[in-house]
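Chemist: sequence and predicted structure below; questions after.
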Amino acid sequence: MDVPVIMVTARGTETDRIVGLELGADDYVVKPFSSAEVAARIRAVLRRTAAPGPAGGATGAVAGPPGADEVIEADGLVIDLAARTAALDGDALTLSRKEFDLLARLAADAGRTVSRDALMRDVWDENWFGSTKTLDVHVAQVRKHLGDDATAPRFIHTVRGVGFRFDARRSDAA
């Protein structure tokens with residue numbers, strides 16, 4: 001399970017909170033706060049990010065792509081969906097939870113354009129109320145991890161006005 005990120009800070013402007021959440025924080029608590037509130041927020045985040053129990057009950061966490069136990073290999077990139085790890089040319093990538101989910105979502109549909117709406121729904125949440133600019137920020141971060149250049153991409157291609165396409169040669173591992 002990924003470790004939830006809860007930011008506790010004195011910086012409480014709306015812009016600070018939005019940037020913190022868009023960069024991957026699961027919650028953002030501004031000082032002053034009560035310890036009871038922070039404890040309740042931690043429990044709430046853990047409920048949303050916990051893996052489903054043996055009965056397969058929903059926890060509110062975003063489900064992985066279909067075939068979440070598969071390994072996707074494409075042009076030196078290896079994404080292990082079950083282990084939630086990614087490596088490029090043998091070097092492990094340090095991705096945030098949202099960065100990994102975004103990369104996995106795009107790679108699972110390699111060669112197909114995935115709309116911005118579908119990415120926001122699948123990687124964030126159907127009820128996401130923030131700016132869709134977070135998608136652009138996260139795509140830029142994933143490209144940086146991959147050493148991808150937006151002007152001549154190796155992996156993630158922008159389809160103007162529509163979304164993004166993962167275009168590397170894909171070969172699923174057995």
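Modeler: Arrived safely.
Chemist: centre of the chain to stretch 80-89, how far?
Modeler: Centre-to-centre, stretch 80-89 and its host chain are 13 Å apart (C-alpha atoms, centre = their mean, to the nearest Å).
Chemist: quick one: end-to-end distance for it.
Modeler: 14 Å (C-alpha to C-alpha, to the nearest Å).
Chemist: average model confidence for that stretch?
Modeler: The average pLDDT for stretch 80-89 rounds to 90.
Chemist: would you mark the buried spots in it?
Modeler: 80-81, 84, 86, 88 (16 or more other C-beta atoms under 10 Å). In short, each C-beta sits where N, CA and C put it, glycine included.
Chemist: and for stretch 15-28?
Modeler: Here stretch 15-28 shows 17, 19-22, 24-28 as buried, counting by 16+ other C-beta under 10 Å.
Chemist: ok, so of those, who is nearest Val162?
Modeler: Glu22 (21.6 Å; C-beta to C-beta).
Chemist: give me the subset of the buried residues of stretch 15-28 lying in helices.
Modeler: 17, 19-22 (DSSP state H).
Chemist: and these, which two are furthest apart?
Modeler: Of all pairs in these, the most separated under C-beta to C-beta is Arg17 and Glu22 at 9.5 Å.
Chemist: helix, strand, or coil at Val114?
Modeler: Using DSSP: H, G, I helix; E, B strand; the rest coil, the secondary structure recorded for Val114 is strand.
Chemist: where do the helices sit along this structure?
Modeler: 14-22, 35-49, 97-108, 116-119, 133-146.
Chemist: what are the structural domain limits within the protein?
Modeler: Domain segmentation of the chain under automatic domain parsing yields 6-49, 71-172.
Chemist: picking that back up, which of the helices of the chain sits most buried?
Modeler: Of all these, helix 97-108 has the most neighbours on average by mean count of other C-beta atoms under 10 Å, namely a mean of 22.
Chemist: for that helix, name the packing helices and strands.
Modeler: strand 71-74, strand 77-80, helix 116-119, helix 133-146, strand 163-166 (3 or more C-beta pairs under 8 Å, 6 or more residues apart in numbering; DSSP states H and E).
Chemist: quick one: closest of these to Arg41.
Modeler: Nearest to Arg41 among those is helix 133-146 (20.5 Å), distances taken as C-beta to C-beta.
Chemist: any idea how many residues pack against Thr94?
Modeler: Thr94 has 9 neighbours, counted by other C-beta atoms under 10 Å.
Chemist: measure it to Ala152 for me?
Modeler: 24 Å (C-beta to C-beta, to the nearest Å).
Chemist: can you check Glu70 too?
Modeler: Taken as C-beta to C-beta, the span from Glu70 to Ala152 is 29 Å.
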